[in-house]
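# Model the following, please.
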Amino acid sequence: MPLGAAGDEDAAAVTGPSSAGEPAAGMEFASPEEARAFYCTYAARAGFRVRSSKSFASRIDDAIIMRRFVCTRQGLPSRKDTLLDASKKRRNRASARAACPAMLQVNRRPSSRWLVSRCVLLHSHPLASSSSSADAAAADAAEPNDSSSAEQDGGAAAAAAALAPGGGVAQGLLDHFRKLQLDNPAFCYAVQIDRSGCIANFIWVDARARSLYRRFGDAVVLDLTCRRNRRAVPFAAFTGMNHHRQAIVFGCALMTDESENSFAWLLETWLAFMGGKKPMSFTIGYSRDVEMAAMKVFGGDVRHRFCRRDIFFICKQKLASLYSEHSTLKDELKECVTELERIDEFESTWRMLLSKYNLFGNEWLQTIYSIRHQWVPAYLKDSFFGEIINAPKLETMFKFFQRNSITTTTLRDIAFQFDKAIARDYQTELQEDFATFSSKPVMKSSHPMEKQASELYTKVMFDLFQDELIESSGFLVQNVESGDISRFEVTQSENANIRYTVLYSEPRASVSCSCHKFEFAGVLCRHALRVLTTIGIPVLPENYILKRWTRNAKNNILSQVPANTKGSLAWRCNDLCRDGIRFAEEGATSEEIYKTAKEALQKAFAEILPQSEAHLK
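Below you'll find the predicted structure:
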């Protein structure tokens, strides 16, 4: 094996591995993950282990354009000060670092392939035998495609150790959060310390998240998909959706302790940051620890449910052999859960499936059936979750990490890159705001409801409502009971066996359907719209237009002056900061609006300055 080799950015392209199986400058790979796997295979033969090192992002679109993989003995030992308890003694043990220069660097080319731009094969330390290091190096190669940090060498355990006293990661995060809070007093963060004095968990919430929560915090999801997909980074996020049905983040956490008590701390702290306002619904992954913590913090005031996608994800593992044996079981099970709107239909179909495939004794199916009221849509229709059938699914944090190529070497950089990605998504939200106000929707009918909705809803929500209104013409209505509350039977023109019951109260101008679409999604269904049209109601009743779906959803978001203004100086400052952030966000959307906002701010400041000076005297 040669002692060393090197290359530069202009090296000639050499697609694929060399004949000797050694990495070389000029090789090309389809992805950085493929390059890493090749390097790890080589490392297994040579007798060393690999870890991810630096990565660089483009200044144009922030996409990752360079990845570097190094020997685990790269770098020099560094002195790490104790972080939380200076009395703790550091263990006096030798460092594994030996300033090893071995590395492989790949850069993204315009063709989207990845070129080996630098390659060093020289090591500064003895190499192990290939047989003794093969398993370890193979484990290195098994890094998930969404891997994000050098701490992945030890997975979550290494991340936990990095947050302990003496781990520079914790200090880096604290410094980062303190700077953000100095820049904006409305930024909040907190840390949880375990019994040994280690930092177990971080949580942070920025000012914009706290502002948006006041309008869109009715349906909240605790997203742990980064953990479910075996990311080494213990990332969690509180998410929701805005008036354009875009995913928004209400708070983030880095968790190395996922016990019930830690989740209770997380929820209590987050709720305090949000002013104690509880959501209407709270969605979690399938976790009894999170469920117990949510019940402890939110009580019975919040409707809890398990994520349906998470249940089906576990079904792939628990029922793998059955899915393999019965090719139609998977689709039939999903159809039973997602397509059937009535509880009696779900119950009868579920029993039919168990009988058809002889699954009455299956333990996992018994488990998820016993909690059906917490994840099967038919049992959740009476609570608001903001979900609309046939609408695009909201992006998970796992997909968000992938889309934004969040790949780094420290947890501090994870937080930094995540905040940058959120800022980019905010620009997308502003673009949707502009599209809503500047474009004219295409009408598909002359119905006054359609024109009314086009002036009220955001573009995406109008499209969804328009579909409901147009589809309503395909239903037949029969008045089966009249009075203060009239009852109607609504059936499809093509299939009279599918029936919906719609109740209408003229004194209260209220309408409800047995499908409970409005209660669940916040938009009237086609069955209710058909009844309103039949009885001559020309426009949508005001109480069936949720402001959270309208183009003016963020208007008047500034907090009202409280009855008691004798709070502490810090409280008054934070309250004004929250409103100031909202003012700045809206005021910066265009040059003209910026000038108007700037003049209004100067005028307000000119009015309060004399009062402030007089108070100081």
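# distance of the residue nearest the centre of the chain from Arg288?
When the chain is reduced to its mean C-alpha position, the closest residue under CA atoms, centre = their mean turns out to be Met397, at 3.4 Å. Separation of Met397 from Arg288 (CB to CB, to the nearest Å) stands at 21 Å. (C-beta placed from N, C-alpha, C; glycine too.)
# Lys547 now?
Using CB to CB, we find Lys547 at a distance of 36 Å from Arg288.
# Mind checking which of those two has more residues around it?
Between Lys547 and Arg288, Lys547 has the larger neighbour count (other CB atoms under 10 Å), namely 15 against 9.
# who's in contact with the more buried one?
Contacts for Lys547 (CB atoms under 8 Å, 6 or more residues apart in numbering) come out as Arg215, Ala553.
# Could you do Gly536 as well?
Gly536 makes no contacts at all, as judged by CB under 8 Å, 6+ apart.
# and it, what helix or strand is that in?
In this assignment (DSSP states H and E), Gly536 forms part of neither any helix nor any strand.
# where's the closest residue in space to Lys451 that isn't next to it in sequence relative to Ile470, distance?
Spatially, and ignoring its direct neighbours in sequence, Lys451 is nearest to Met443 (6.9 Å; CB to CB, 6 or more residues apart in numbering). Counting by CB to CB, the gap from Met443 to Ile470 is 11 Å.
# What of Ile545?
Counting by CB to CB, the gap between Ile545 and Ile470 amounts to 18 Å.
# Looking only at neighbour counts, state which of the two leads.
Ile545 (18 against 15).
# re the thing from before, could you measure from the residue nearest to the centre of the chain over to Gln431?
Taking CB to CB as the criterion, Met397 is separated from Gln431 by 22 Å.
# cool, and Asn552?
From Asn552 across to Gln431, the span is 17 Å (CB to CB).
# same deal with Ala294?
When distance is defined by CB to CB, Ala294 is 35 Å away from Gln431.
# Comparing those two, which shows the higher neighbour count?
Between Ala294 and Gln431, counting by other CB under 10 Å, Ala294 is the more crowded of the two (20 against 11).
# Figure out the helix or strand that the more buried one lives in.
Using DSSP H and E, Ala294 falls within helix 288-298.
# Repeat that for Gln427.
Mapping Gln427 onto the secondary structure by DSSP H and E places it in helix 411-438.
# buried ones in the helix or strand following that helix?
Going down the chain from helix 411-438, the next helix or strand is helix 448-456, by DSSP H and E. If you call a residue buried by 16 or more other CB atoms under 10 Å, then helix 448-456 has these buried ones: Met449, Glu450, Ala453, Ser454, Leu456.
# do the same with stretch 301-318
Buried-residue list, stretch 301-318, by 16+ other CB under 10 Å: 302-308, 310-312, 314-315, 318.
# Repeat that for stretch 236-245.
Within stretch 236-245, the residues that count as buried by 16+ other CB under 10 Å are Ala236, Ala237, Phe238, Thr239, Gly240, Met241, Asn242, His243, His244, Arg245.
# what about the strands in the stretch 101-250 of the chain?
For the stretch 101-250 of the chain, strands defined by DSSP state E, counting those that start in this stretch occupy the ranges 103-108, 114-120, 188-193, 199-205, 219-223, 235-241, 247-255.
# for Thr428, what are its contacts?
Taking CB under 8 Å, 6+ apart as the definition of contact, the neighbours of Thr428 are Gln246.
# Burial check on the closest residue in space to Phe416 that isn't next to it in sequence, number of neighbours?
Of all residues not flanking Phe416 in the chain, His176 sits nearest, at 6.6 Å (CB to CB, 6+ apart). Burial of His176 is recorded as 18 neighbouring residues (other CB under 10 Å).
# what helix or strand does the closest residue to Arg403 other than its chain neighbours sit in?
Take Arg403 and drop its neighbours on the chain: the residue closest to it by CB to CB, 6+ apart is Glu395, 7.4 Å away. In this assignment (DSSP H and E), Glu395 forms part of neither any helix nor any strand.
# still on that earlier bit, make TSV out of the strands of the stretch 101-250 of the chain and add distance to Glu339.
Formatted as TSV, the entries for those read as follows, by distance: least, CB to CB, whole Å:
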stretch	distance to Glu339
strand 103-108	43
strand 114-120	43
strand 188-193	42
strand 199-205	38
strand 219-223	22
strand 235-241	23
strand 247-255	25
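# can I get the ones you listed in CSV with mean pLDDT?
Formatted as CSV, those follow (pLDDT from 0 to 100):
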stretch, mean pLDDT
strand 103-108, 92
strand 114-120, 92
strand 188-193, 90
strand 199-205, 88
strand 219-223, 95
strand 235-241, 93
strand 247-255, 92
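# Tell me which of the ones you listed lies nearest to Glu506.
Proximity to Glu506, assessed across the strands of the stretch 101-250 of the chain by CB to CB, is greatest for strand 219-223 (30.9 Å).
# So in that sheet, which strands flank that closest one, and in what orientation?
Sheet pairing for strand 219-223, assigned by DSSP bridges, gives strand 235-241 (antiparallel), strand 281-284 (parallel).
# Out of those strands, which is closest to Lys330?
Put simply, out of the strands paired with strand 219-223 the one that sits nearest Lys330 is strand 281-284, at 22.8 Å, with distance taken as CB to CB.
# What average pLDDT does the closest one get?
Confidence over strand 281-284 (mean pLDDT, whole number) is 96.
# repeat for stretch 448-465
Computed over stretch 448-465, the mean pLDDT rounds to 95.
# send the alpha carbons of that stretch over as PDB?
Coordinates of the C-alpha atoms in stretch 448-465 are reproduced here as PDB (Å, rounded to 0.1, in the frame of the first residue of the first chain):
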ATOM      1  CA  PRO A 448     -71.700  33.100  -4.600                       C
ATOM      2  CA  MET A 449     -70.000  30.800  -2.000                       C
ATOM      3  CA  GLU A 450     -67.100  30.300  -4.300                       C
ATOM      4  CA  LYS A 451     -66.600  34.000  -4.800                       C
ATOM      5  CA  GLN A 452     -66.800  34.600  -1.100                       C
ATOM      6  CA  ALA A 453     -64.300  31.900  -0.300                       C
ATOM      7  CA  SER A 454     -61.900  33.200  -3.000                       C
ATOM      8  CA  GLU A 455     -61.800  36.500  -1.100                       C
ATOM      9  CA  LEU A 456     -61.300  35.000   2.300                       C
ATOM     10  CA  TYR A 457     -59.100  31.800   2.100                       C
ATOM     11  CA  THR A 458     -55.500  31.500   1.200                       C
ATOM     12  CA  LYS A 459     -54.700  30.200  -2.200                       C
ATOM     13  CA  VAL A 460     -54.100  26.600  -1.100                       C
ATOM     14  CA  MET A 461     -57.200  26.500   1.200                       C
ATOM     15  CA  PHE A 462     -59.400  28.000  -1.500                       C
ATOM     16  CA  ASP A 463     -58.400  25.300  -3.900                       C
ATOM     17  CA  LEU A 464     -59.300  22.700  -1.300                       C
ATOM     18  CA  PHE A 465     -62.700  24.400  -0.500                       C
END
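# contact partners of that stretch?
Contacts to stretch 448-465, defined as CB under 8 Å, 6+ apart, come from residues 243-245, 388, 391, 432, 435-436, 439, 441, 443-444, 466, 469, 523-524, 529, 532-533, 538-540, 545, 549-551, 553.
# can you list the domain ranges for this protein.
Segmentation of the chain into domains, based on the TED database, reads 23-74+97-125, 161-306, 310-374, 448-549, 569-611.
# what does the average pLDDT come to for the last one?
Think domain 569-611. Averaged over domain 569-611, pLDDT sits at 72.
# ditto for stretch 353-370
In this model, stretch 353-370 has an average pLDDT of 95.
# Tell me which residues of it come out buried.
Applying a neighbour-count criterion of 16+ other CB under 10 Å, the buried positions in stretch 353-370 are Leu353, Leu354, Tyr357, Leu359, Asn362, Leu365, Ile368.
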